[in-house]
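1. Just to be clear, the model below is a prediction. Sequence and coordinates:
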Amino acid sequence: MPSAFSSILRDREIRVPALTLVALAFTYASTMPYQSIIGINELGLSDRSYSGLIFLAALVNVATSLTLGIWSDKLSDRRPLVLALSVSGMLGFGMIYAFRTAGVFIFGILVLIPISNSTYSILFASIRATTNTMDRGRAAAITSTVRALFSGSWALAPGLIGLYLINSQSMTPAYGIAALASLTCFCLYLFVAKPAPAGETSPSPNIGFFSSLGRIFSSHVLVRVCLMALLLGLQRLNSVVSPLIITNAAGGTVVDVGFMAGLVAFLEMPFMLMWGALQRRFRNVHVLALGALIYCLYLTLLSFASAPWQIYALVLINACGAAAILSVPITYLQDLIADRPGLGSSLVSVNTFIANGISASIFAAGTAFTGYSGTALLAAVVGLASVGLLLFLERDPRPVRQPA
């Protein structure tokens, strides 16, 4: 059986979306670390205004991803859709870089960039449409490998862009870099991707919008999406609480925070490849449960950390568990609606939105009754309960519905 890498390299229908995802990672990684700095410090938005803007942008992103995911299943070719979304990114990022005003920033963050962010789920839908006829283990390994490439690009970009902007008085050139990354995505699909053969029709041309939403809100799907969100919420919470533990209970500095973040991001890529290989031999749910248990162990040990070296000692289990939580659920969520690649992939955006809310709730509950270390321990308990419920729900293997 060919390796996941060789499958990606040999098949244009997988290779082009994978390369586009590598370029797309630069749009996220070049702007997200600096977005709040630009909005609040450079353009004068208040903390409350910025918080409201980010919340509304997240709603737009979820709504757009769902709508375009449903629509993409009716298309015989997703290439024009990716081209249009790339143009939205070029305009959104490019306008913020060119005009540097609060009004343009708000319009870009609230409208154009959330639309562009839907490219992520559409590209994974394109890959899923190709791998749907493959062996499930091989398809899962390909998805995890592509996600690892995305993470590798994400890990590389912030450092390079930080070096480029080190002497800059403004962080807005980061949005210029993101616009160029969107242009790269556009060029890949314009010049490298092949259009669908003339006369080819979509396998789901007549499915209605509301009937598609009904599948998402069915109890079978919604409960499992919420479980995935609980697990992803652990990783989101860690990104908030670990810097606070490092600089408070562990007595570290912001240098330790930055170094740890970069090191974990770098190590996630090989661990994602490892989890992808395991998915070829074991059920997705069992692989995910193992990764989540490792992450719960990390959060438990983090709650007892009292020195910087102890944080560094946890870097391997941190990266190992996080890699599983970030990569394996993509295939799991797609399997929930396997016959609709666009709709199934849009669950990734729904999952992320719910996870951010869960992370904020755990942080609020934990810090209300205990400190940052206690909050990490609370998250570990939530994670253990989530794994137990996941294994209970998936105790009987269910056949994945494939397209006819």
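-> The structure has been received and is ready for your questions.

2. where does the protein have low pLDDT?
-> 1-2, 198-206, 397-404 (pLDDT under 70).

3. rerun that using 50 as the cut-off
-> Within the chain, the segments meeting pLDDT under 50 span 1, 400-404.

4. Domain parsing of it, as residue ranges.
-> For the chain, automatic domain parsing gives the domain ranges 1-206, 209-395.

5. Just put the ones you listed in TSV and tack on mean neighbour count.
-> All C-beta atoms are positioned from the backbone trio N, CA, C, and that covers glycine. Shown next, in TSV, are these (neighbours: other C-beta atoms under 10 Å):
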stretch	mean neighbour count
domain 1-206	19
domain 209-395	20
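
6. Can you tell me the SS state at residue 281?
-> Here residue 281 is coil, with the state taken from DSSP: H, G, I helix; E, B strand; the rest coil.

7. Quick check: chain neighbours aside, which residue is closest to it?
-> Closest residue in space to residue 281, ignoring its immediate chain neighbours: residue 137 at 6.6 Å, by C-beta to C-beta, 6 or more residues apart in numbering.

8. And residue 340, by the same measure?
-> Nearest to residue 340 is residue 73, by C-beta to C-beta, 6+ apart, at 5.0 Å.

9. Tell me the spacing between the one you found and residue 174.
-> From residue 73 across to residue 174, the span is 34 Å (C-beta to C-beta, to the nearest Å).

10. Repeat that for residue 127.
-> Taken as C-beta to C-beta, the span from residue 127 to residue 174 is 28 Å.

11. Give me the residues contacting stretch 50-68.
-> 36, 39-40, 45, 81, 85, 106, 109-111, 113-115, 117-118, 121-122, 209, 213, 216, 342-343, 346, 348-350, 353, 356 (C-beta atoms under 8 Å, 6 or more residues apart in numbering).

12. wait, what's in contact with residue 317?
-> Here residue 317 is in contact with 294-295, 297-298, 301 (criterion: C-beta under 8 Å, 6+ apart).

13. Same question for residue 12.
-> Contacts of residue 12 by C-beta under 8 Å, 6+ apart are 192-194.

14. Name the SS class of residue 196, please.
-> coil.

15. any idea what sits nearest it, other than its immediate chain neighbours?
-> In space, residue 196 is closest to residue 77, 3.5 Å off (C-beta to C-beta, 6+ apart).

16. Does that neighbour touch residue 195 like I think?
-> Yes: at 5.8 Å, residue 77 and residue 195 qualify as touching, with contact defined as C-beta atoms under 8 Å.

17. nearest residue to residue 271 other than its sequence neighbours?
-> Leaving aside its chain neighbours, residue 271 sits nearest to residue 323 (3.5 Å; criterion: C-beta to C-beta, 6+ apart).

18. and that neighbour, how far is that from residue 68?
-> The value you get for residue 323 to residue 68, if C-beta to C-beta is used, is 28 Å.

19. try residue 27
-> 17 Å.

20. and if you look at residue 331?
-> Using C-beta to C-beta, we find residue 331 at a distance of 20 Å from residue 68.
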